[in-house]
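Asks: Pasting the sequence and the predicted model now:
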Amino acid sequence: MNIFPACVIVKGMADAAPVAQNAATRQRNLREANLALVLGHIARAGSITRAELATATGLTRVTVSGLVDELMAGGLVAEAAPVPRTGAGRPATGLTLATTGPAGLGLEINVDYLAAGVLDLSGATRVLRVHHRDQRGRRPARVVADLARLADDARAAADDEGLSVAGICVGVPGLVNGNGLVRVAPNLGWHDVDVATALRAAIGQPLRPVAVTVENEANLAALAELHAHPEPAPSFVYISGEIGVGAGLVLEGRLLRGPRGYGGELGHVTINPDGPPCRCGARGCLEAYANQEALLRAAGLPPSTEDPAEVLRTRAEAGDRAVLTALADAGRALGVAAADVVNLVDVDTIVLGGVFAPLTPWLSDPVAREVAARTVTSSWAPVTVRAAALGATATVVGAAGSVVRAILDAPATWLALADTGRAAGRESVG
Ligand SMILES: [Zn+2]
């Protein structure tokens, strides 16, 4: 799997100078590449012996043992219980990703909730906290202060499980530039908010040298989907339905952020130029026809409905006419917008996430019909419409997962950072 992490930029092998490398540089690059190679095999296998690793990687057993020792010393790999052998010889000891040690902390600021989640190296969600509150009209500093409390709580719970947060990634429902500045989050009313700096200042426990990065929420949810379906180089558009509607576009296994980081604003694709006004300032955007509030309004439900996806799903199952009509109309609007994406970039799968995920049984047919009717390729290259693997937790899982993915992709960088952290700890103690 070849995934570029959205949140954590780690200088890896690709950045190494291609020319005029001296022997020491070549040796270091080779070690870094082999550490990533071995760790990647352990991650994919779940459990694998040193001998199996040597066969799988083509490295000698001595080299594999040295690399494994380094990964174990850095807390990335652990020994599993020995697997009994039926034949002669000692039982072989399996190696697995460590379930204690470095972990990723994902945070999410959304319009009507805040969330925090911690993933261990295997990608298992070990801590999850959600705080429901409408964030509209609140000062960004207040929202970030609440998020910091949630982050502190999640970090403490992670500590109790023997996990140590190695990086923080924050998902926001807005446009984020390459430096983590939220340029605009229309549904929060935010402009030019430096979430990373504010969060660093607000977090209680002193942060070790961990990166705090910020990314669009739909992009992170798309990454979570990518990690959950690790088939080779998938292409899909992940449509995230909340109060806002966003999209994460994955082409041939890579998240497409756009050269300035502002791609994926499907919620502001025009459905009807003369349609209702949108918070972005334009008219007739997809968001006005298919977001959570539009669905509730069309279904005759109040905008403050708690757990709207569950309420809509239950009523749809019961055959509530207003709800079924609302879902069919929203599905048509989603299909019109998704058809543009298929025509432009040739994705073969449309993934419905957020509140749309549990409503996929009622949304998928109208989406598929509109896409089929509006795409040139539909007769010989049809698209699949399916629900996202994760529901409301997709963004925090994608955020925490991007921290974990960065460690797995470049373990040497993590090992060096861990060394620096230990040295700093020794100095401060001394
Ligand atoms: Zn708009």
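Replies: Happy to help now that I have it. Residues are numbered from 1 along each chain as shown.
Asks: Only C-alpha atoms from now on, for both contacts and neighbour counts.
Replies: OK.
Asks: if I look at Ile168, how far off is the ion?
Replies: 30 Å (CA to the ion, to the nearest Å).
Asks: list the buried ones in stretch 26-43?
Replies: Using 16 or more other CA atoms under 10 Å as the test for burial, stretch 26-43 gives 29, 32-43.
Asks: cool, stretch 163-181 as well?
Replies: For stretch 163-181, a neighbour-count test (16+ other CA under 10 Å) marks 163-177, 180-181 as buried.
Asks: How about the contacts made by His132?
Replies: The neighbours of His132, taking CA atoms under 8 Å, 6 or more residues apart in numbering as the test, are 112-114.
Asks: 10 Å - rerun?
Replies: The neighbours of His132, taking CA atoms under 10 Å, 6 or more residues apart in numbering as the test, are 110-115, 306.
Asks: Tell me the bridge partners for it.
Replies: The residues listed as beta-bridge partners of His132 by DSSP bridges are Tyr113.
Asks: Read off the pLDDT value for it.
Replies: For His132, the pLDDT comes out at 90.
Asks: helix/strand/coil for Val351?
Replies: Assigned state for Val351: strand (three-state reduction, DSSP: H, G, I helix; E, B strand; the rest coil).
Asks: Give me the neighbour count for it.
Replies: Other residues within reach of Val351 by the criterion other CA atoms under 10 Å amount to 23.
Asks: circling back: got the contacts of His132 as TSV, with distance to the ion, pLDDT and neighbour count columns?
Replies: Below are the contacts of His132 laid out as TSV (distance: CA to the ion, whole Å; pLDDT from 0 to 100; neighbours: other CA atoms under 10 Å):
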residue	distance to the ion	pLDDT	neighbour count
Asn110	17	90	25
Val111	16	87	21
Asp112	19	86	16
Tyr113	21	90	14
Leu114	23	95	24
Ala115	25	96	24
Glu306	25	82	10
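Asks: Can you pick out the most distant pair from those?
Replies: Longest distance between any two of those is 16.0 Å, between Ala115 and Glu306; criterion CA to CA.
Asks: pLDDT (mean, whole number) over the longest helix belonging to the chain?
Replies: Secondary structure of the chain per DSSP state H: the longest helix is helix 321-345. The average of the pLDDT scores along helix 321-345 is 96.
Asks: Please state the offset of whichever strand or helix holds Asp152 from the chain centre?
Replies: The secondary structure element spanning Asp152 is helix 140-160 (assigned by DSSP states H and E). Helix 140-160 has its average C-alpha position 19 Å from the chain's average C-alpha position, going by CA atoms, centre = their mean, to the nearest Å.
Asks: what packs against it?
Replies: strand 101-109, strand 113-119, strand 125-132, strand 163-172, strand 190-194, helix 195-202 (3 or more CA pairs under 10 Å, 6 or more residues apart in numbering; DSSP states H and E).
Asks: Can you list the buried residues in the fifth one?
Replies: Right, the one you point to is strand 190-194. Neighbour-count burial for strand 190-194 flags 190, 193-194 (criterion: 16+ other CA under 10 Å).
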